[in-house]
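Engineer: based on what follows, work out the 3D shape:
(one chain, ligands or ions: 1)
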Amino acid sequence: MKIFNSYTNQLETFVPRHKGVVSMYVCGPTVYNYIHIGNARPVVVFDTVRRYFESKSMKVKFASNFTDVDDKIIQKAIDEGVDEKTISEKYIKAFLNDVASLNSRTDYIKPKVTEYMPKIIDYIQELIDIGYAYEMDGDVYFRVAKLKEYGHLSNRKLDDLIAGSRVEINEKKESPLDFTLWKRTTEGIHWHTNFSEGRPGWHTECVAMIEDIFGEEIDIHGGGTDLMFPHHENEIAQSIAKNHHTVARYWMHNGRLNLEGEKMSKSVGNVVFVKDLNVNKLAFRMFLLSTHYRSPLNYSPEALDVFVKEWQKVQKSVEQLYRLLDLNDQLQDAITITASDIIETNQYFEASMEADFNTPNALTALNQLMKAINQKLRQKPDYEWLSQANKSVEQMLFILGLDFKLERLSNENKSLIKDWEKARIDKNFELADELRQILVSKGLI
Ligand SMILES: [Zn+2]
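Structural biologist: All right, here's what the predicted structure looks like:
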């Protein structure tokens, strides 16, 4: 299995720290609004990564945080005349609804900043104690110049950063590059510490949570490319200073989703919320996976529509195949795949996923299999082949997170369908029509 490691800037063989177990952390949302379709990309990408490992019988310990302390949350709370918790709880609930609607798993570890304050404060205190951070008038800053590795992830040189940085008015900092670990303030939600009354900077949250949840360097840290600098760079800086490792052995970054060529942002006003997306969400998920996760992805209603139609076809064929097997008592839970064409397609699917999660190629494999299934469905049923194909398509859909619930027929409904088919063969049109109406009313055809 190869993964492109953004930290080393190369494709590497993936070897988890502990055999059979994968530890993953993905930066989560700041909960002051609904998520837009650009925010949905890392959700779907890293859920697919998790699913693939799980399909290989690996245990995945997956964590992603909620930033529930932030200027934007405080501002929104003031605007709406409520407390911060009311705002954050509302949008955490909305986020998890959106995640579930994208068929992404919600059963993962979800730390919140408000529940991590003692750990975060301790983390900052320790950075001060070892000389990597300093307190100035109640604020605490990280001493960037002390860390020679700074800039490695985002490929920036310390000297260039210093030369490029604007002369700041903030004279409290030793260097303009030093980033805030603790901000002195009594406005909004805040905590009492040895440094001052205030609240933490964003960059310490993730590293303090990762340290507490995993207790060691993790396998994979994920997030969008836009978080690489400064957020991930600053996570790494603190972790090297305190724990002598780069947080994760593999850093994975997904590319941006653009709206008709432009960056989606609330200030431009071109935001499309996931909750407002008026199409089948699995079709949207398929659209997200149709481009390799590291490449930028252009969204337009027309581009999405291609996948709405594509998904309808897949769904229809999968349902048709399942119904045929069910009706003829051919649904088998345990089946060995022996058909050479199915084996070949499966191998292509797996090789694609093993190559840094090449989901566009994996979708091509799914497409090939669907084509073969559609052809076989038009012929005299070869149940052995169809059962194997059913098993294979089930597996592919699960890994891509495109799986959906299929209901088995009750014995009564099976008989109804069989009677209807027989009436049609016998040209008993009156009975056929009567049975057809019953089947339609039951939603079976
Ligand atoms: Zn983070």
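
Engineer: assign a three-state SS to W251, would you?
Structural biologist: strand (DSSP: H, G, I helix; E, B strand; the rest coil).

Engineer: so what's the residue count around it?
Structural biologist: Residues lying near W251 (other C-beta atoms under 10 Å) number 23. C-beta coordinates here come from the backbone N, C-alpha and C atoms, glycine included.

Engineer: any buried residues in the longest helix seen in the chain, and which?
Structural biologist: In the chain, taking DSSP state H as the definition, the longest helix is helix 301-327. Burial within helix 301-327, assessed by neighbour count using 16 or more other C-beta atoms under 10 Å, is assigned to 304, 307-308, 310-311, 314-315, 317-318, 321-326.

Engineer: nearest to N5, of the residues you listed?
Structural biologist: Within the buried residues of helix 301-327, distances to N5 taken as C-beta to C-beta reach their minimum at F307, with 29.6 Å.

Engineer: list the contacts for that closest one?
Structural biologist: Applying C-beta atoms under 8 Å, 6 or more residues apart in numbering to F307 gives the contacts A283, F284, M286, F287, S290.

Engineer: restricting to those residues, which residues neighbour the ion?
Structural biologist: Filtering the contacts of F307 for proximity to the ion by C-beta under 5 Å from the ion leaves nothing.

Engineer: mind listing which of those are in helices?
Structural biologist: Per DSSP H, the contacts of F307 map to helices at A283, F284, M286, F287.

Engineer: could those go into a markdown table alongside neighbour count?
Structural biologist: A markdown table is the format used below for the ones in helices among the contacts of F307 (neighbours: other C-beta atoms under 10 Å):
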| residue | neighbour count |
| --- | --- |
| A283 | 21 |
| F284 | 23 |
| M286 | 24 |
| F287 | 23 |
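
Engineer: switch these over to JSON lines; also include pLDDT.
Structural biologist: Listed next are those as JSON lines, based on pLDDT from 0 to 100:
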{"residue": "A283", "pLDDT": "98"}
{"residue": "F284", "pLDDT": "98"}
{"residue": "M286", "pLDDT": "98"}
{"residue": "F287", "pLDDT": "98"}
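
Engineer: which of the residues you listed lies closest to the ion?
Structural biologist: F284 (25.0 Å; C-beta to the ion).

Engineer: tell me if I'm right that the closest one and V43 touch.
Structural biologist: No - F284 is beyond contact range of V43, at 11.4 Å (criterion: C-beta atoms under 8 Å).

Engineer: now do the shared contacts for the two.
Structural biologist: In contact with both F284 and V43: L102, using C-beta under 8 Å, 6+ apart.

Engineer: in the helix or strand bottoming out on mean pLDDT in the chain, what counts as buried?
Structural biologist: Within the chain, no helix or strand scores below helix 158-164, which has a mean of 73 by mean pLDDT, DSSP states H and E. Buried residues in helix 158-164, defined by neighbour count with 16+ other C-beta under 10 Å: L158, L161.

Engineer: next: stretch 210-222.
Structural biologist: Quick answer for stretch 210-222 (16+ other C-beta under 10 Å): I210, E211, D212, I213, F214, E217, I218, D219, I220, H221, G222.

Engineer: just the CA atoms of that stretch, as PDB, please.
Structural biologist: Only the C-alpha atoms of stretch 210-222 are listed here, as PDB (Å, rounded to 0.1, in the frame of the first residue of the first chain):
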ATOM      1  CA  ILE A 210      -3.800  13.600  19.700                       C
ATOM      2  CA  GLU A 211      -1.200  13.200  22.600                       C
ATOM      3  CA  ASP A 212      -4.000  12.400  25.000                       C
ATOM      4  CA  ILE A 213      -6.100  10.100  22.800                       C
ATOM      5  CA  PHE A 214      -3.200   8.100  21.100                       C
ATOM      6  CA  GLY A 215      -0.300   8.700  23.500                       C
ATOM      7  CA  GLU A 216       2.300   8.400  20.800                       C
ATOM      8  CA  GLU A 217       3.100   9.400  17.200                       C
ATOM      9  CA  ILE A 218       0.100   8.300  15.100                       C
ATOM     10  CA  ASP A 219       0.000   6.700  11.600                       C
ATOM     11  CA  ILE A 220      -2.000   9.200   9.600                       C
ATOM     12  CA  HIS A 221      -2.900  12.900  10.100                       C
ATOM     13  CA  GLY A 222      -5.300  14.200   7.500                       C
END
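
Engineer: so the residue of the stretch 201-350 of the chain found nearest the ion is in which element?
Structural biologist: For the stretch 201-350 of the chain and the ion, the shortest gap (C-beta to the ion) falls at C206, measuring 3.2 Å. Using DSSP states H and E, C206 sits in helix 202-214.

Engineer: got it, and F4?
Structural biologist: Assigned by DSSP H and E, F4 falls in strand 2-5.

Engineer: next: A372.
Structural biologist: Per DSSP H and E: helix 359-377 holds A372.

Engineer: what residues of that helix count as buried?
Structural biologist: Applying 16+ other C-beta under 10 Å to helix 359-377 flags 359, 361-366, 368-370, 372-373, 376 as buried.

Engineer: now swap in stretch 140-151 and tell me
Structural biologist: Buried, per 16+ other C-beta under 10 Å, within stretch 140-151: V140, Y141, F142, R143, V144, K146, L147, Y150, G151.

Engineer: same check on stretch 176-185?
Structural biologist: In stretch 176-185, counting by 16+ other C-beta under 10 Å, buried: L177, D178, F179, T180, L181, W182, K183, R184, T185.

Engineer: nice, that's everything, thank you.
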